[in-house]
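**Student:** model this:
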Amino acid sequence: MFRIIALEREFGCGGGGIAAQLGQRLGWKVWDQQLTGEIARRAEVSEHAVALCDERVDSRLYRLARSFWRGSYERALPIGNSHAFDTDRMMTMMEEICKSIAEEGNAVIVGRGAPFFLREREDTFSVFCYAPREEKIRRLRELGKKCEDCEQLVDSVDKDRAAYIRHYFNSEWPTRSLYHLMVNTVVGDEIAISEILHAMDALTSRKPESALRA
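**Tutor:** The predicted structure follows:
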């Protein structure tokens, strides 16, 4: 029986809204922007500091400087918590939080590498939401963003996410074998949600048969 949905998404495809509606249908807690707040609370930094590290990789210059600090004077430098917080620290905390959420169950986790962190769990249903570029731009414009901003965001945010997955998990994004289902949201949120719930039910009903054969 599935107790967690790990939902990965392309930027602008409506994945966050779909996750929220899945949580509402199932009566499960949705972890999306709430993850930013939880990491900030545990790390004792601002949510802004966490957002700057969200699903992206630190610059090469920063990583070089950090290596120097760690190799020589890091402990003596007067660096506050907000400066010490980086994507490496966020990844460590994200893995801990994901596993903690999964143990509790009844949760929808959006992005942040959740399908990778939870890939060994049989109670986790992993789904990837995507859409054509034109559909993503249309959705963003409906949210009130300017056309030129929409195009820039659609082209850049997913590049950051792909680099993030490549750096921390040594995988291409999306890794198709990781997901139970990949949904093109151009069909509309309602159909996408129905397909996800139907696939979860279908896989749940198949599990007893596979266990019997084993």
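**Student:** which stretches of this structure have low pLDDT?
**Tutor:** Counting by pLDDT under 70, the ranges of the chain that qualify are 58-84, 207-214.
**Student:** What helix or strand is the residue lying closest to residue 172 once chain neighbours are set aside located in?
**Tutor:** On the basis of Cβ to Cβ, 6 or more residues apart in numbering, the spatially nearest residue to residue 172 that is not a chain neighbour turns out to be residue 166, at 6.8 Å. All C-beta atoms are positioned from the backbone trio N, CA, C, and that covers glycine. Using DSSP states H and E, residue 166 falls within helix 147-169.
**Student:** In the sheet, which strands lie alongside the very next helix or strand once past that helix, parallel or antiparallel?
**Tutor:** Heading C-terminal from helix 147-169, the first helix or strand you meet, by DSSP H and E, is strand 181-184. Paired neighbours of strand 181-184 in the sheet (DSSP bridges): strand 124-130 (parallel).
**Student:** quick one, the strand it pairs with and helix 147-169 angle?
**Tutor:** Relative orientation of strand 124-130 with respect to helix 147-169: 140 degrees, computed using axes from the mean of the first three to the mean of the last three Cα atoms, to 10 degrees.
**Student:** Give me the phi and psi for the residue most central in space within the chain.
**Tutor:** In the chain, the residue lying closest to the centroid (Cα atoms, centre = their mean) is residue 111, at 0.8 Å. Dihedral angles of residue 111 (phi, psi; degrees, to the nearest 10) stand at phi 60, psi -150.
**Student:** Start and end of stretch 17-33, how far apart?
**Tutor:** 12 Å (Cα to Cα, to the nearest Å).
**Student:** Neighbours of residue 37, how many?
**Tutor:** Taking other Cβ atoms under 10 Å as the neighbour definition, residue 37 ends up with a count of 12.
**Student:** OK, contacts around the residue nearest to residue 149 when sequence neighbours are not counted?
**Tutor:** Closest residue to residue 149 apart from its sequence neighbours, by Cβ to Cβ, 6+ apart: residue 140 at 7.8 Å. Taking Cβ atoms under 8 Å, 6 or more residues apart in numbering as the definition of contact, the neighbours of residue 140 are 12, 149, 150, 153, 154.
**Student:** So which residues make contact with stretch 179-188?
**Tutor:** 8, 13-15, 18, 115, 125-132, 135, 174, 176, 192, 195-196, 199-200, 203.
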